[in-house]
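In: Give me coordinates for this.
(4 chains)
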Number of protein chains: 4
Amino acid sequence: KEEWEKLSLFSSAPPQIQFADQKQEFNKRPSKIGRRSLSRSISQSSTDSYSSAASYTDSSDDETSPRDKQQKNSKGNGDFCIKNIKQADFGRREIEIAEQEMPALMALRKRAQGEKPLAGAKVVGCTHITAQTAVLMETLSALGAQCRWAACNIYSTQNEVAAALAEGGFSVFAWKGESEDDFWWCIDRCVNVEGWQPNMILDDGGDLTHWIYKKYPNMFKKIKGIVEESVTGVHRLYQLSKAGKLCVPAMNVNDSVTKQKFDNLYCCRESILDGLKRTTDVMFGGKQVVVCGYGEVGKGCCAALKAMGSIVYVTEIDPICALQACMDGFRLVKLNEVMRQVDIVITCTGNKNVVVRENLDRMKNGCIVCNMGHSNTEIDVASLRTPELTWERVRSQVDHVIWPDGKRIVLLAEGRLLNLSCSTVPTFVLSITATTQALALIELYNAPEGRYKQDVYLLPKKMDEYVASLHLPTFDAHLTELTDEQAKYLGLNKNGPFKPNYYRYENL
Amino acid sequence: KEEWEKLSLFSSAPPQIQFADQKQEFNKRPSKIGRRSLSRSISQSSTDSYSSAASYTDSSDDETSPRDKQQKNSKGNGDFCIKNIKQADFGRREIEIAEQEMPALMALRKRAQGEKPLAGAKVVGCTHITAQTAVLMETLSALGAQCRWAACNIYSTQNEVAAALAEGGFSVFAWKGESEDDFWWCIDRCVNVEGWQPNMILDDGGDLTHWIYKKYPNMFKKIKGIVEESVTGVHRLYQLSKAGKLCVPAMNVNDSVTKQKFDNLYCCRESILDGLKRTTDVMFGGKQVVVCGYGEVGKGCCAALKAMGSIVYVTEIDPICALQACMDGFRLVKLNEVMRQVDIVITCTGNKNVVVRENLDRMKNGCIVCNMGHSNTEIDVASLRTPELTWERVRSQVDHVIWPDGKRIVLLAEGRLLNLSCSTVPTFVLSITATTQALALIELYNAPEGRYKQDVYLLPKKMDEYVASLHLPTFDAHLTELTDEQAKYLGLNKNGPFKPNYYRYENL
Amino acid sequence: KEEWEKLSLFSSAPPQIQFADQKQEFNKRPSKIGRRSLSRSISQSSTDSYSSAASYTDSSDDETSPRDKQQKNSKGNGDFCIKNIKQADFGRREIEIAEQEMPALMALRKRAQGEKPLAGAKVVGCTHITAQTAVLMETLSALGAQCRWAACNIYSTQNEVAAALAEGGFSVFAWKGESEDDFWWCIDRCVNVEGWQPNMILDDGGDLTHWIYKKYPNMFKKIKGIVEESVTGVHRLYQLSKAGKLCVPAMNVNDSVTKQKFDNLYCCRESILDGLKRTTDVMFGGKQVVVCGYGEVGKGCCAALKAMGSIVYVTEIDPICALQACMDGFRLVKLNEVMRQVDIVITCTGNKNVVVRENLDRMKNGCIVCNMGHSNTEIDVASLRTPELTWERVRSQVDHVIWPDGKRIVLLAEGRLLNLSCSTVPTFVLSITATTQALALIELYNAPEGRYKQDVYLLPKKMDEYVASLHLPTFDAHLTELTDEQAKYLGLNKNGPFKPNYYRYENL
Amino acid sequence: KEEWEKLSLFSSAPPQIQFADQKQEFNKRPSKIGRRSLSRSISQSSTDSYSSAASYTDSSDDETSPRDKQQKNSKGNGDFCIKNIKQADFGRREIEIAEQEMPALMALRKRAQGEKPLAGAKVVGCTHITAQTAVLMETLSALGAQCRWAACNIYSTQNEVAAALAEGGFSVFAWKGESEDDFWWCIDRCVNVEGWQPNMILDDGGDLTHWIYKKYPNMFKKIKGIVEESVTGVHRLYQLSKAGKLCVPAMNVNDSVTKQKFDNLYCCRESILDGLKRTTDVMFGGKQVVVCGYGEVGKGCCAALKAMGSIVYVTEIDPICALQACMDGFRLVKLNEVMRQVDIVITCTGNKNVVVRENLDRMKNGCIVCNMGHSNTEIDVASLRTPELTWERVRSQVDHVIWPDGKRIVLLAEGRLLNLSCSTVPTFVLSITATTQALALIELYNAPEGRYKQDVYLLPKKMDEYVASLHLPTFDAHLTELTDEQAKYLGLNKNGPFKPNYYRYENL
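Out: Okay, here's the model as predicted:
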């Protein structure tokens, strides 16, 4: 019970958290591959921005496994394992383009030219390996850290970027299309190396942390902390903590205020439109839409569609959120009240079986159904896998499910997350995340003895504010400073933090 | 230090809280009258809705002090002191009209017909005495309570309503235009009565509580709890608690989620337009406006003005709120960057001296300056009281301050709160507050021994959700219920609470 | 038939034109007073902005009729008839304040310092006499004209302003509260004066024109043109033209593009909110509203209410406007479909009996009904004057109509125009109108022989563009100029006109 | 001169008309291929909705020219020339899916079951051959017409759809990838056929009309009229008319009110977001954007971007549109005032050289430049083809133009229309167009002798209203009918037309 209270004290995760939660729970996954292919979509979506040429190169590549190749970079260093070191130039251009859209990390590099806050840090990382990650890694390096890196997903690696990193001297072990065995082999190569022992972990999903726990538990003696980004990984850390098995401090960066705002509201406000357009070319004007759930994601979706001229209905279980929907100008209904009339159904609840077969049976011909909420539980897709219904794949990520009477329902991404499967994550959102990760590493690495115990922490408010402030120049935004008199009046430090920890930032 | 932590644990009051804070701090007020005349505005604004005739009646009234009159109602009961019992019919109509817009209280009356959750409760109250308060009092009575009531403000009493309450058998001691001596006399008459001792306190500002502490401390032995609505009163209760002097449980209803949303965002989104129009008839389209502060009040003001075609700039000190302003489409500036070009300046910071003489000197001719934030500190009005500037009162609540070169600044409400001074508070907002008060009384009165200690509490989440749910029928809104399976999946009780205590509801 | 075509060629008046049409048709009015009291509202609303003090002065004034007084201004000139010359100082301040918000007229004064485009013009005017009109008159004077002026409405004169004009040397004949006899006497005093004969007419409503036609038809020989602002007056001119009786050119300034946009869309977008708030204090968030008619006025109302969080339904008869409503996100319904559920009904059709007794019978308790459209025909108010319904005046302009079962309908302004009766017209809108009038006078006065025949004309496009351009500096707006190459490519003159005459400017 | 006036009387085309104007002027094109490849984009974009599989089939197809193949449909009919009759089933499915989104044509089919308004009509058509066109052709057939059809573009034919039409008995002569010789051969095969002579022409671009003029001028003796959709074709018709060479009535459907609204405002409001996202994945929130031109397209772009949280500046040459921009809340600037600070530049002017090299030189690194306006003239792309600048193609339709100092400008679609090149045209918009074409054919075919002369006409208002009304059921929209009394009051026929011809429908 005490454990639970600690959990609820630190974690501010509302039920409808999403975005990073494409993975099923750690212990329940039926198979490695199944879990990964589920999450394949983000990788693709977050990376294919400038990589069409890159992908093309890939397909013409040879079929030898990277593990069977002997490669060295131009300086003779061979401590990496990637697809093809020759793709480094192409990857470097990708990284340079990404740098232009990640000004916060570039600013960190500049500010840290004098001091090296990560001097001596040995970071082992396991994340998607993309141009944006490369900018993060090269920033960590500029801050003084040494890095070894594996991929957290067997499909998401941009091979050219990995090549550029290897050419730049990073020990990277990753390629697109790893087998499960490759996956763990790569992680092991990052960790199990003579004469080098990590003292910081940067994880996305918890697999790296899990591997060290299982294989090299002694390694934790030297590790100063874990920075974890995903819902799944964070959940696992809280479980470890509850069980008394967490033996180093861990930073939950998934629930940082700034990251949350961007992952949920700001990102979804745009990706709902983008995802629907790319898959269906639907015209929004005049369409009747029902949005299930009026949390942050639902609010983003509703605002965007209303602005585009759709008529939006909302369903909710929580009377307070329901009252907010009313005051924002949305009719609050039960799903079946509007099921026959709506053109689009969007789930954003974090709940399961929000749209069930009974609802689907009532929908009108041509109704589009998609999920912006959580995992793949919200729409009961299984109930559509019955003999009397015909599935027709009309495009990538778009199925027509056809009733015996000819009625077609347009199901997107087979009920998985639309924003990850059918839209892209803007670099600016990834920049927020990467900056948060970098600051979390700095904080944990430099924290005085005793500040952090063997527990899971949220990033200190002040650091969160710092992440935000590093992104303001992008907008040419000028912050006002408190005068001494004002700071005294408000009882605040002039440099922040400006809000108490429990303050949650409202959106509009 | 521990005390401080408890305070910060329970109080979720952000710096820019407002609306109920028309009173200066308890201990600092220079004089009773000064403090009260400051708050006179809400009373007026929240009551003059349907009372023009009423006010008219007043002015033709006789000048005898109510304390010198002997009045009885039609049943021969004389345990009250009001202006004129003959105005009861008029007041009754006002109450009936208010009832129509306070459906939640009416629903409470209905639901409570079987059981009387306040049976045995003896409530002494000290609030504004308006038609809306009358609906609350008659609801408490329907729930089983006995009530005695005084006014929390010497100007705000609607005499006709007081008459109707007296005629209905309530012991009311209040009239418009009390002297300070009258004020305390009325409170004393509520409390100091033979054969009747209160067991519940409903206070707005803390004066009643203060009086009992000072004069009848023993009375607290029988008192089950205090319900306090105002920022000032709540602050005072936390101070008492810190000092170890709070001897009964107290409920801080000021910071209830639902009440906060309505007092700040939803109310201000409308009252900024209303207040500006009523005072200046300004056309919003194309106007350049700077809004200082992007908390809930600032967000409401920005959204409304943007929708009306104004070009809105924002100033902020907190980088997270600043980033939100950017993402919402507002240029983030320092005040002086735009000072020469803006047509309207609105403060919503909760801070002091946000607009100072230097800023005012730079404003262009005709610029409108007003405060939606906190108290009267945000605009340094004192700096305008200098010999070289001429003040010209052009309308009620509107002053032209004229520079030697002829430049005029339009200052509204002398820098006090625009939304209280120059706009009205919709009955729906007051209904949220009154319902919250009623439920807080029920909760404290019926709580099992030990649930509440001698401390200050927020309304339990579930009660807050109940307040919201009672207002949904107004919008013909239909809430969705969790299935058993979903409740289990989410780990929630089907009847709520649906969110953890620390969850703060986002706005759009 | 040909006449009709000419009419339709020149007049671009859509059916739902409004704002200036507070007067009933010229020939149908039952009585002078009746007609005038109908239009009293604008006068009040357009003038009470800064005149509370002024009105106050009035009431303490003596009761002698101005016609019986002998007054002279400080220069010994007595060729005027007003309430009280001593109020001139107060009126002057009002005029100075208005000048600050009418920059276009002030710019005209400046540009005309060199040449006097109205040199030799003798303008007789009959309009509302307000501070804004005074700015117009003094501008005409600065441009070289001599002016004599009467009021077009027996209630709307601001006495202090009239005094200031008289003090400034203008021959003004007007006061607040004229009798019908006074009204025509004043007009006659403007026209029938020895040694001075008008050569230009500026009329608002057609009464002055009518008087000259009836009494001094020969005067038209020297008159170069008529400028008419109101729907009624314009209608009358077209009738004269059809009948072949129009003996001078007339300029219809009512239908100028810029004036129309401001009178309808931009003004109503704000005044619907203002009018509803001032009369009912209703909270807009979550309210269900039906707007009848989706022309410019309807579009303004819908946009404003949607932005404030209302749920808006639209009724339409024209399928094209209906499709626009759909694409803008409004459900298109028949009135009775939503009658039981809506909280507010707003008519904007220009049609009659849009809301009839049958609809009113179905409305729910507390429903607010008002008219933003045309005249007082849209709501069948007569049908509510039946014995079984009780009317209760709860405030100025607000009636409760009470059904036998207690249901109350809140009827605003007795079905007359809400925006004129219960809101104000911003000075900026009046500035557009006054500038258009001034330019129309200049155009007609200076037009070469033969450009204008004995017909009714719209202001040339280029003049309309000039009105707009004179108002851009208010917004610090910077217009782009065509390069020679671009002008050639588009086939346009670099100085305009930029659009063909038939082009109607879209709104957003 | 008179000719010009006639032109301006009938054509209401504002300068910034667009969408259908992807073709250069008829006489100026340097080469057939050049012209066509310019317009390739719409074809693709308007068709690739459900045709990924289709395209795939294509590429695996044989290389024999259709002209060398002998094919027959299942009924033995061989009067067509297409790629591969075996693809008919696939094409049929495409047509069926399109039918579901073109309810207006389906409604026309139903209503025409009794009478056949096109009985006896022999329509020769030359348009893009897509699923939507097939729905139109089959509708014409259901209305009684016989049809022969060629493609108006050498790339845009959906081969599977052509196959389905041929299988259904239509004489179609078209395939994807025609040579110029093929192109004219196909047109000739439609027209030059024994025993069948067209009496109606449906053209898109004017090539078919041109061919008949050149080769078979006598054919016009039996032709009752031409329906033309494109800007170019319409322009050509007006030229013919001016030259006195137009020998049959022609209907300009390009400028129909309903079509215009959808092609410009409603379509662009969505396609600006879609086009930017698909090409750049840019996040809109907080971005500074300048939109050049505030006509209908500009208004759509501004509204959409503002709603997504961008800060939008506007440039204009017309003071009236400029004032509208101000009142809608956009700062009106000259381009160079904001050039250094904006993130995105969008042209919507219909003008040439709106963005020139000087502007491009000042843009900041990463600035996105695109054209939503007219043709490819708005951005001076030629000025970027200089040796010191490097072009890098980073994706389809996306070029980075790199300055010597490393600055990159992101140029979309090489300055051609973004909405055609990088977005899709929703079927609903195409449905409006196709319905307008069908009604224009019916009107011209059935018009009594003398109603239409040898001139170019706009669709009668009533027909336009009918197009709108046929699309209302899509939105479950319910139109209100005038009562007899109301119709009389307004002087309207109950069935319309409801507005005069010169009325232009405002947007919101």
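In: got the residues of chain A near chain C?
Out: Residues of chain A lying close to chain C (Cβ under 8 Å from any Cβ of the partner chain) are A:285-286, A:306, A:308-311, A:326-331. For the C-beta atoms, the positions are set from N, CA and C on the backbone; glycine is no exception.
In: what pLDDT does the closest residue to chain D within the stretch 101-250 of chain A get?
Out: The nearest approach of the stretch 101-250 of chain A to chain D comes at residue A:101, 7.3 Å away (Cβ to the nearest Cβ). According to the prediction, residue A:101 has pLDDT 84.
In: Identify the residue spatially nearest to it, adjacent ones excluded.
Out: Nearest in space to residue A:101, with sequence neighbours left out and distances taken as Cβ to Cβ, 6 or more residues apart in numbering or on different chains, is residue A:427 at 4.1 Å.
In: same deal with residue A:416?
Out: Nearest to residue A:416 is residue A:376, by Cβ to Cβ, 6+ apart, at 4.6 Å.
In: State the distance from the one you found to chain C.
Out: Going from residue A:376 to chain C by Cβ to the nearest Cβ, to the nearest Å gives 30 Å.
In: before we move on, the earlier item: count the residues that sit near the residue of the stretch 101-250 of chain A closest to chain D.
Out: Per other Cβ atoms under 10 Å in any protein chain shown, the neighbour tally for residue A:101 reads 21.
In: now swap in residue A:356 and tell me
Out: By other Cβ under 10 Å, the residues close to residue A:356 number 14.
In: tell me the contacts of it?
Out: Counting by Cβ atoms under 8 Å, 6 or more residues apart in numbering or on different chains, residue A:356 touches A:380, A:383.
In: quick one on the thing from earlier: in helices, which of the residues of chain A next to chain C fall?
Out: Counting by DSSP state H, the part of the residues of chain A next to chain C found in helices is A:306, A:326-327.
In: And what about the residue nearest to residue A:416, helix, strand or coil?
Out: Three-state assignment for residue A:376 (DSSP: H, G, I helix; E, B strand; the rest coil): coil.
In: now residue A:369
Out: strand.
In: Name the nearest residue to it, sequence neighbours excluded.
Out: Nearest residue to residue A:369, sequence neighbours excluded (Cβ to Cβ, 6+ apart): residue A:345, at 4.8 Å.
In: For chain D, see how far away the one you found is.
Out: Residue A:345 is 16 Å from chain D, by Cβ to the nearest Cβ.
In: Also residue A:85?
Out: Counting by Cβ to the nearest Cβ, the gap from residue A:85 to chain D is 23 Å.
In: need the contact list for the residue lying closest to that residue once chain neighbours are set aside.
Out: Spatial nearest neighbour of residue A:85, chain neighbours left out: residue A:71 (4.7 Å); criterion: Cβ to Cβ, 6+ apart. Shown in contact with residue A:71 (Cβ under 8 Å, 6+ apart): A:78, A:80-82, A:84-85, A:166.
In: What of residue A:237?
Out: So residue A:237 contacts A:206, A:209, A:226, A:228, A:246, A:250, A:252, A:456 (Cβ under 8 Å, 6+ apart).
In: try 7 Å
Out: A:228, A:246, A:250, A:252, A:456 (Cβ atoms under 7 Å, 6 or more residues apart in numbering or on different chains).
In: Phi first, then psi, for the residue of the stretch 101-250 of chain A closest to chain D.
Out: Torsion angles at residue A:101 (phi, psi; degrees, to the nearest 10) stand at phi -100, psi 10.
In: That one contacts residue A:428, doesn't it?
Out: Yes. If you go by Cβ atoms under 7 Å, residue A:101 and residue A:428 touch, sitting 6.4 Å apart.
In: what about the helices in the stretch 251-400 of chain A?
Out: Counting by DSSP state H, counting those that start in this stretch, the stretch 251-400 of chain A has helices at residues A:257-261, A:267-280, A:296-307, A:319-327, A:335-338, A:357-362.
In: Tell me the buried residues in the last one?
Out: Going by neighbour count (16 or more other Cβ atoms under 10 Å in any protein chain shown), the buried part of helix A:357-362 is A:357, A:359-360.
In: got it, and the third one?
Out: Within helix A:296-307, the residues scored as buried using 16+ other Cβ under 10 Å are A:296-307.
In: Let me have the residues you listed in a markdown table, extended by distance to residue A:170.
Out: Output for the buried residues of helix A:296-307, formatted as a markdown table (distance: Cβ to Cβ, whole Å):
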| residue | distance to residue A:170 |
| --- | --- |
| A:296 | 36 |
| A:297 | 35 |
| A:298 | 40 |
| A:299 | 40 |
| A:300 | 36 |
| A:301 | 39 |
| A:302 | 43 |
| A:303 | 41 |
| A:304 | 39 |
| A:305 | 43 |
| A:306 | 46 |
| A:307 | 43 |
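In: Now narrow those to whatever sits close to chain D.
Out: With respect to chain D, and counting by Cβ under 7 Å from any Cβ of the partner chain, the subset of the buried residues of helix A:296-307 in contact is residue A:307.
In: just checking, residue A:282 touches residue A:366?
Out: No. With contact defined as Cβ under 7 Å, residue A:282 does not reach residue A:366; the gap is 9.4 Å.
In: More neighbours: those two, which one.
Out: More neighbours surround residue A:282 than the other of residue A:282 and residue A:366, with 22 against 17 (other Cβ under 10 Å).
In: Run a quick neighbour tally on the residue lying closest to the more buried one once chain neighbours are set aside.
Out: Counting by Cβ to Cβ, 6+ apart, residue A:282 lies nearest to residue A:276, which is 5.6 Å off, once chain neighbours are set aside. Neighbourhood size, residue A:276 [other Cβ under 10 Å]: 27.
In: Show the end-to-end separation of stretch A:330-346, please.
Out: Distance across stretch A:330-346, first residue to last, is 14 Å (Cα to Cα, to the nearest Å).
In: now do stretch A:211-228
Out: End-to-end distance for stretch A:211-228, by Cα to Cα: 14 Å.
In: Stretch A:96-115: which residues count as buried?
Out: A:97-99, A:101-109, A:112.
In: Which pLDDT value does the model give residue A:444?
Out: 96.
In: which phi and psi does it have?
Out: Main-chain torsions, residue A:444, degrees, to the nearest 10: phi -60, psi -40.
In: Now it: closest residue in space, sequence neighbours ignored.
Out: Residue A:444's closest residue in space is residue A:225 (Cβ to Cβ, 6+ apart), at 3.4 Å.
In: Quick check: bridge partners of that neighbour?
Out: In this entry, residue A:225 is beta-bridged to residue A:200, by DSSP bridges.
In: do the same with residue A:173
Out: Applying DSSP bridges to residue A:173 yields these beta-bridge partners: residue A:81, residue A:150.
In: Report the separation between the two terminal residues of stretch A:146-165.
Out: End-to-end distance for stretch A:146-165, by Cα to Cα: 13 Å.
In: Neighbours of residue A:177, how many?
Out: 13.
In: Is stretch A:118-135 positioned near chain D?
Out: No. Using Cβ under 7 Å from any Cβ, stretch A:118-135 stays clear of chain D, coming no nearer than 12.0 Å.
In: Would you mind writing the CA trace of that stretch as PDB?
Out: Listed in PDB are the C-alpha atoms of stretch A:118-135, where the atom choice follows Å, rounded to 0.1, in the frame of the first residue of the first chain:
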ATOM      1  CA  LEU A 118      29.200  14.700 -18.600                       C
ATOM      2  CA  ALA A 119      32.900  14.400 -18.500                       C
ATOM      3  CA  GLY A 120      33.600  10.900 -17.400                       C
ATOM      4  CA  ALA A 121      30.100   9.600 -18.100                       C
ATOM      5  CA  LYS A 122      29.900   6.300 -19.900                       C
ATOM      6  CA  VAL A 123      26.500   6.100 -21.300                       C
ATOM      7  CA  VAL A 124      25.000   2.900 -22.700                       C
ATOM      8  CA  GLY A 125      21.900   3.600 -24.800                       C
ATOM      9  CA  CYS A 126      19.100   1.600 -26.300                       C
ATOM     10  CA  THR A 127      16.700   3.800 -28.400                       C
ATOM     11  CA  HIS A 128      15.500   4.100 -32.000                       C
ATOM     12  CA  ILE A 129      18.500   4.900 -34.100                       C
ATOM     13  CA  THR A 130      17.500   7.900 -36.200                       C
ATOM     14  CA  ALA A 131      19.000  11.100 -37.300                       C
ATOM     15  CA  GLN A 132      17.400  12.800 -34.200                       C
ATOM     16  CA  THR A 133      19.000  10.200 -31.900                       C
ATOM     17  CA  ALA A 134      22.300  10.900 -33.600                       C
ATOM     18  CA  VAL A 135      22.000  14.500 -32.800                       C
END
